[in-house]
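Asker: pasting the structure only:
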């Protein structure tokens with residue numbers, strides 16, 4: 001909780017202003033983590049806010065006596081996995097074209113796999129806090145995607161650092177079509193949870209978030225993002241969160257989204273609708289000249305040739321060293337980690353990524369909030385299998401939030417059985 005008991009008087013509470021400020025900074029950090037074109041010098045505004053939030057959390061934790069202590073097994077596992085990443089990153093830096101850049105990436109990875117989950121667990125002290133963080137993340141994704149409409153109405157350069165490519169693909173507030181694809185997919189995944197919630201205001205917000213995120217996703221032209229969003233919807237179905245009326249509502253939404261996207265694409269030079277993009281990606285049209293599937297297979301083959309020669313020592317984690325075939329980096333989280341960081345680093349990163357999915361807790365927790373976070377994390381995994389995602393915030397933020405849900409479940413035990421209005425209860 002955001003309060004602290006006064007010693008000697010268990011009924012009196014005082015507010016922890018430092019922790020409250022750190023939590024607010026975390027919320028803003030989650031929102032701005034999707035706006036990749038907004039920077040202060042070399043650092044994004046989202047990262048700056050997360051760092052400031054981290055400083056506040058450290059100060060608050062140092063002043064409080066009620067620090068949660070992880071289990072001994074959890075400490076050992078975290079220490080071992082951290083050592084794997086550090087050792088693997090250090091070995092790969094020796095081979096890097098830009099050693100300083102490679103070390104910087106090791107630092108980014110450690111922040112995302114260690115510090116970010118810790119920060120979320122410390123500051124999101126209740127399911128209400130976790131639900132609020134989820135809403136801020138969705139808002140950030142929706143806003144990032146809304147930049148595509150700004151680009152359409154006011155011109156490609158209305159957002160500094162953004163573009164509309166020659167293939168008619170929009171970048172919104174992210175600066176890159178692939179980033180917008182990943183962020184848009186996560187916005188759709190989270191937004192669906194609000195669409196199917198029991199309270200009208202939450203449902204209205206969810207419809208807005210899904211619409212903006214999905215329009216941006218389609219305009220980004222990211223087939224991987226569309227696939228990830230589809231898998232997220234499948235998770236809701238498997239978990240039993242979607243009733244018939246919600247399926248119909250989402251169907252109507254998809255029709256409206258397709259109509260808006262079609263209007264924009266029909267007035268954008270070179271833009272392809274989702275079906276045409278899929279055919280182009282698979283190399284079925286235009287004699288396969290623009291088949292990204294084929295080029296990614298070639299990149300992966302080149303990466304495996306390097307991995308076979310030096311499985312424990314990667315080529316380096318800096319952006320230049322990440323190029324596998326002389327043109328592209330590996331578009332797969334695990335293979336990319338093997339290629340760039342070697343076997344030790346790949347094991348460490350993969351283990352950190354799957355930790356919140358382990359155990360029975362997901363089966364024991366049928367709540368809508370947990371389903372929402374699970375769908376978002378799985379969508380992030382799917383997207384990461386076809387994109388460079390070693391230190392993408394939109395991959396690791398859903399993992400961190402799911403870690404919090406798991407930690408809250410371990411403390412409180414089995415939650416309320418999910419009902420139609422459960423999201424109202426969870427968001428206060």
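Answerer: Cool, got the structure. These numbers were taken from a predicted model, which means no experiment stands behind them.
Asker: buried ones in the helix or strand in which residue 217 is found?
Answerer: For residue 217, the host element (DSSP states H and E) is helix 200-220. By 16 or more other CB atoms under 10 Å, the buried positions in helix 200-220 come out as 202-203, 205-220. To be clear about C-beta, it is placed using only N, CA and C from the backbone, and glycine gets the same treatment.
Asker: for stretch 268-281, same thing?
Answerer: By neighbour count with 16+ other CB under 10 Å, stretch 268-281 contains the buried residues 268, 271-272, 274, 277, 280-281.
Asker: Surely residue 175 is within a helix?
Answerer: No: Residue 175 is assigned coil when assessed by DSSP: H, G, I helix; E, B strand; the rest coil, not a helix.
Asker: mind checking how far it is from residue 167?
Answerer: Distance, residue 175 to residue 167, using CB to CB, to the nearest Å: 16 Å.
Asker: now do residue 343
Answerer: According to CB to CB, residue 343 stands 37 Å off from residue 167.
Asker: got it, and residue 222?
Answerer: In terms of CB to CB, residue 222 sits 12 Å off from residue 167.
Asker: what residue ranges in the stretch 1-150 of the chain score low on pLDDT?
Answerer: Low-confidence segments of the stretch 1-150 of the chain (pLDDT under 70): 1-15, 65-70.
Asker: So if I had to pick from residue 175 and residue 167, which one is more boxed in?
Answerer: residue 175 (20 against 15; other CB atoms under 10 Å).
Asker: which phi and psi does the more buried one have?
Answerer: Torsion angles at residue 175 (phi, psi; degrees, to the nearest 10) stand at phi 90, psi -10.
Asker: Quick check: it touching residue 164?
Answerer: No: under the criterion of CB atoms under 8 Å, residue 175 is not in contact with residue 164, lying 11.9 Å apart.
Asker: the longest helix in this structure is where?
Answerer: Longest helix in the chain, counting residues (DSSP state H): helix 127-154.
Asker: Now do the buried residues in that helix.
Answerer: Residues 127-152 are the ones in helix 127-154 that count as buried (16+ other CB under 10 Å).
Asker: As TSV, the buried residues of stretch 268-281 with pLDDT would be great.
Answerer: What follows is these, written out as TSV (pLDDT from 0 to 100):
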residue	pLDDT
268	91
271	86
272	87
274	86
277	85
280	81
281	81
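Asker: Can I get those in CSV including secondary structure and distance to residue 251?
Answerer: Listed next are these as CSV, based on DSSP: H, G, I helix; E, B strand; the rest coil; distance: CB to CB, whole Å:
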residue, secondary structure, distance to residue 251
268, coil, 26
271, coil, 24
272, coil, 23
274, helix, 16
277, helix, 21
280, helix, 26
281, helix, 25
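Asker: ok, so of the residues you listed, who is nearest residue 94?
Answerer: residue 281 (36.6 Å; CB to CB).
Asker: got the contact list for that closest one?
Answerer: Taking CB atoms under 8 Å, 6 or more residues apart in numbering, we find residue 281 in contact with 223, 290-293.
Asker: repeat for residue 130
Answerer: Listed by CB under 8 Å, 6+ apart, the contact partners of residue 130 are 124, 369, 373, 401, 404-405, 408, 426.
Asker: What distance do you get for residue 370 to residue 123?
Answerer: 19 Å.
Asker: scratch that, residue 105
Answerer: Taken as CB to CB, the span from residue 105 to residue 123 is 26 Å.
Asker: do the same with residue 383
Answerer: Distance from residue 383 to residue 123, counting by CB to CB: 26 Å.
Asker: With neighbour numbers in mind, choose between these two.
Answerer: Using other CB under 10 Å, the more surrounded residue of residue 383 and residue 123 is residue 383, with 31 against 26.
Asker: what's the pLDDT at that one?
Answerer: At residue 383, the model reports a pLDDT of 96.
Asker: Make sure I have this right: it is in a helix.
Answerer: Yes: Residue 383: assigned to a helix according to three-state DSSP.
Asker: what residues are up against it?
Answerer: Per CB under 8 Å, 6+ apart, neighbours of residue 383: 181-182, 185-186, 224-225, 227-228, 389, 395.
Asker: Sort out which of those are in helices and list them.
Answerer: Mapping the contacts of residue 383 onto helices (DSSP H) picks out 181-182, 185-186, 224-225, 227-228, 395.
Asker: Out of those residues, flag the one nearest to residue 330.
Answerer: Minimum distance to residue 330 across the ones in helices among the contacts of residue 383 is 13.7 Å, recorded for residue 224 (CB to CB).
Asker: Please tell me how far the closest one sits from residue 387.
Answerer: 6 Å.
Asker: again with residue 197
Answerer: From residue 197 to residue 387 the distance is 30 Å (CB to CB).
Asker: do residue 373 as well
Answerer: Relative to residue 387, and taking CB to CB, residue 373 is found at 20 Å.
Asker: I'm done for today, thanks for sticking with me.
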